[in-house]
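Student: this one's sequence-less:
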């Protein structure tokens, strides 16, 4: 039988890394809560930007919200398993990359009035400023990833499970 051992993540290496992690956490929490506040309208907002129709828009909307929520444990160094820490790390990258790709696509479509970054209740116009903002967030995500280095865990935290004979 396998048991999962949860451990705290590595502490940020400096106060600036910690500030960046907090900023990204606040961004992910505010974005996901505002998107979930009126989620029934969120996929229809994406439908105009995505070419696959309402089904692709619904899938995109659900995935981006899930990735935003799952990005938080890594940034807060929460007590989770090593596997969940890496899932959280990858989720943060995927959420930002998905938004960047969508913003690049929206820049080619002049009819997009709301980019949807904060859902349907807070209108965020699309444009190159949004693409620049998302690139800056990706740079901050890279800085936080490097500053928190999950691959340099202490020896006692490297074991993600222990085997028990029954």
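Tutor: Looks like it came in fine. Everything quoted here is computed from the prediction, not taken from an experiment. Residues are numbered from 1 along each chain as shown.
Student: In the longest helix along the chain, which residues are buried?
Tutor: Ranked by residue count under DSSP state H, the longest helix found in the chain is helix 82-107. Within helix 82-107, the residues that qualify as buried are 82, 84-85, 87-89, 91-92, 94-96, 98-100, 102-103, 106, counting by 16 or more other Cβ atoms under 10 Å. Heads up, the C-betas are built off the backbone N, CA and C, glycines and all.
Student: how about the strands in this structure?
Tutor: Under the criterion DSSP state E, the chain carries strands at the ranges 2-4, 161-163.
Student: and those strands, which one's lowest on average pLDDT?
Tutor: In terms of average pLDDT, strand 161-163 trails the rest of the strands of the chain, at a mean of 48.
Student: quick one: low-confidence parts of this structure?
Tutor: Counting by pLDDT under 70, the chain contains low-confidence ranges at 1, 48-49, 151-166.
Student: Just give me the neighbour total for residue 5.
Tutor: Other residues lying near residue 5 total 13 when counted by other Cβ atoms under 10 Å.
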